[in-house]
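# Any chance you can model this:
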Amino acid sequence: MFEFWIIISITITLLYIVLILWLYFGIDRISQFNSKNTVPKVSFSILIPFRNEIENLPDLLASLDVLEYPKNLYEILLVNDDSSDDSVTIVRNFIKEHSEINIKILNNQRKTISPKKDAINTAIQQSKFDWIVTTDADCEVPRNWLQSYNAFIAKNKSVFIAGLVKYKSKKEFLHQFQLADWLSLTGVTIGSFGWNKPLLCSGANLVYSKKVFYEVDAFQGNEHIASGDDVFLMHKFKEAYPNQVFFMNTPRASVQTKSLSTWLDLFQQRIRWAIKTSSISKELVKFIGLVVFAMNVLLLTLLVKVFIDKTWIVVFFILFSVKIFVDSILIKKVSSFTHQRLTTKSWFLSSILYPLFSISVVVVGMFINYKWKGRKYSK
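Below you'll find the model as predicted:
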């Protein structure tokens, strides 16, 4: 039995190392894009769903107010998803004070169990321009956001472009843990794009062709899944146009989002993400998810074995050290890419907690419903 577990442990660990190295070298294949000195020509429709975002909307609107792009070449469509606070009032006041900006507030037309997808459909149907830009209400966008995408579209034959999303993190451990987790997901995103096999993206910073959106039937086939307005759409675009889906690497277009303020909110969010990811039919996505899950289960299993039989402590220590080492290589690479830093203490504590946290998310998500934005969802 000891030999069996050693073989299993070595196999899973080697697969995990290969996966991390694959992502690491994939990141190196994404060169930085120079978005300067391009004449603004592309017209954009910016879509932003919101629900009870009274604390976040002022920052978002303030960032939109200073966009450096000709105002006749973009519109802003904010979609109210049944807010019960004063979010609508904040938007209406902004509209009154900024008549020079082409901005509208729409009411979400609900047709499926996915409010976000319904909101995007609602806005696209009323949009005027050919290129759709999406972000979230808890984000802040950079002033060169649209100019960067304009330059990228001018220089690349593209139909779908994913941009960088960074956490506006705090020093408390909860926020540092989220930053560590997000940097890992960002590594998967950028690394897979580097090999032209994109796995993940974020709806907080996306641009895509409205024509192709309709051509690929948008969200048809995944309306029963509450989230996934970004990843499912990306895979549809990728299938239809395999060489025209890109990741744009430029700090001038990186969007900032806020970390969550409670562990419960974080747990619920990650359940939502796990359900979305598990519903993706791509074999590579499932394989990577399985390898990561298996590595975390292996470490927890070995830890239990240590309490039963102390001879396992050497095996556990070696594998745990290997995982921390290879993870740190990837995190360091992504950190230099995004210009975000984790403290050594936070990284070490996050590495200890993450296997238990991630396994709990998967297991709990299999049996219970989750709550998000005041609504309950089933798997």
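
# Quick check: what element follows the strand or helix carrying residue 325 along the chain?
Secondary-structure element containing residue 325, defined by DSSP states H and E: helix 313-338. Sequence order places helix 344-367 as the next helix or strand after helix 313-338, per DSSP H and E.

# hmm, who's touching that next one?
173, 176-177, 179-181, 267, 270-271, 274-275, 292-293, 295-297, 299-300, 323-324, 327-328, 331, 342, 379 (CB atoms under 8 Å, 6 or more residues apart in numbering). All C-beta atoms are positioned from the backbone trio N, CA, C, and that covers glycine.

# So which of those residues sit within helices?
173, 176-177, 179-181, 267, 270-271, 274-275, 292-293, 295-297, 299-300, 323-324, 327-328, 331 (DSSP state H).

# Give me the buried entries from those residues.
176-177, 179-181, 267, 270-271, 274-275, 292, 295-296, 299, 323, 327-328, 331 (16 or more other CB atoms under 10 Å).

# elements contacting the helix holding residue 325?
Secondary-structure packing of helix 313-338 (3 or more CB pairs under 8 Å, 6 or more residues apart in numbering; DSSP states H and E): helix 2-28, helix 173-194, helix 283-308, helix 344-367.

# So for it, what gets flagged as buried?
So, applying 16+ other CB under 10 Å, buried residues of helix 313-338: 315-316, 319-320, 323, 326-331, 333-335, 337-338.

# And these, which is closest to residue 60?
The shortest gap between residue 60 and any of these belongs to residue 338, at 20.3 Å (CB to CB).

# Skipping adjacent residues, who's closest to that closest one in space?
With sequence-adjacent residues excluded and distances taken as CB to CB, 6 or more residues apart in numbering, residue 338 is closest to residue 166, at 5.5 Å.

# before we move on, the earlier item: wait, which of the helices and strands packed on helix 313-338 is closest to residue 220?
Per CB to CB, nearest to residue 220 of the helices and strands packed on helix 313-338: helix 283-308, 19.6 Å.

# give me the low-pLDDT residue ranges for the protein?
Within the chain, the stretches with pLDDT under 70 are 1-2, 223-228, 276, 278-281, 367-379.

# That one - how does it break down into domains?
Following automatic domain parsing, the chain resolves into domains at 2-26+282-365, 31-172+198-278.

# For the ones you listed, state which one has the densest average packing.
domain 31-172+198-278 (a mean of 19; mean count of other CB atoms under 10 Å).

# and that one, how far from the chain's centre?
11 Å (CA atoms, centre = their mean, to the nearest Å).

# This completes my enquiry, with thanks.
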